[in-house]
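# sequence-free structure coming up:
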């Protein structure tokens, strides 16, 4: 395990884009080789505050987390017949951590919310400067960050729920580390309550 040269987070490997960027001309490839850094970036809170640095082989990456949030959104919307735009929720879930590619994965209270937003927006801008084609990545990211739609509010709560559901898989009691007051959507509360009954 090493520290990332850009953000001092623990990573599996350095950002692959740094190795290839001088030889890449297609902007889709430029974005791709930056996007996949989220596969290398560990979710820092598990390592540094909950289960320890020796758990690197078990800890999820930010990309793992984003995939889990996306699948949860898709499953919950369909099971509970929620009146939400499924496609938009999935897109928001997939891009909601783009700022972490260069800003890093901040643990709670490491920096202020304002500073975190500023650093992540700068990172998203830096990332998307490589794209010459029309896209709505930043629009979706800002919708999530600023909670501008029902879909963004839903994805934010699923983002908070996902590590709480993950905790038992790591042998961690959710209530020891997470504040569940942020979960207010009834069906999400239902899922969380059932997860509390799992053996740890």
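Structure received. As the structure is a computational prediction, the values presented were derived from the model and not from experiment.

# List the buried residues of stretch 25-41.
By neighbour count on 16 or more other C-beta atoms under 10 Å, the buried set for stretch 25-41 is 30-31, 33-41. Heads up, the C-betas are built off the backbone N, CA and C, glycines and all.

# try stretch 132-141
For stretch 132-141, by 16+ other C-beta under 10 Å, it's 137-138, 140-141.

# How about stretch 116-130?
Under 16+ other C-beta under 10 Å, the buried positions of stretch 116-130 are 116-117, 119-121, 123-124, 127-128, 130.

# Repeat that for stretch 64-77.
Judged by neighbour count (16+ other C-beta under 10 Å), stretch 64-77 contains these buried residues: 64-70, 72-73, 76-77.

# outside of the helix or strand of the chain with the lowest mean pLDDT, which residues touch it?
Within the chain, no helix or strand scores below strand 2-3, which has a mean of 80 by mean pLDDT, DSSP states H and E. Outside strand 2-3, the residues within contact range by C-beta atoms under 8 Å, 6 or more residues apart in numbering are 9-11, 13-14.

# can you check stretch 161-174 too?
Stretch 161-174 has contacts (C-beta under 8 Å, 6+ apart) with 43, 45-46, 50-51, 55, 58, 60, 65, 68-69, 72, 177-178, 180, 183, 188, 191-192, 195-196, 198-200.

# Repeat that for stretch 192-200.
161, 164-165, 167-168, 171-175, 180, 183.

# just to revisit the earlier point, show me which of the contacts of stretch 161-174 are buried.
Taking 16+ other C-beta under 10 Å as the criterion, what is buried in these is 43, 45-46, 50-51, 60, 65, 68-69, 72, 178, 180, 183, 188, 191-192, 195.

# Relative to residue 10, how far out is residue 95?
Remark: distance between residue 95 and residue 10 (C-beta to C-beta, to the nearest Å) = 23 Å.

# Just the ones of the buried residues of stretch 116-130 in strands?
Assignment to strands by DSSP state E places none of the buried residues of stretch 116-130 there.

# among those, which are in helices?
Using DSSP state H, 116-117, 119-121, 123-124, 127-128 are the members of these that sit in helices.

# And the furthest pair within the residues you listed?
Farthest apart among these by C-beta to C-beta are 116 and 128. That separation is 18.4 Å.

# rewinding a little: out of the buried residues of stretch 132-141, the closest to residue 84 would be?
Distance to residue 84, by C-beta to C-beta, is smallest for residue 140 among those, at 14.4 Å.

# Return the residues in contact with residue 133.
By C-beta under 8 Å, 6+ apart, the neighbours of residue 133 are 27-28.

# same thing but 7 Å
Applying C-beta atoms under 7 Å, 6 or more residues apart in numbering, we find residue 133 in contact with residue 27.

# and it, what pLDDT?
At residue 133, the predicted lDDT confidence score is 93.

# again, but for residue 199
With respect to pLDDT, residue 199 has a value of 65.

# For the contacts of stretch 192-200, which two are the farthest from each other?
Within the contacts of stretch 192-200, 171 and 183 form the most distant pair, 21.6 Å apart (C-beta to C-beta).
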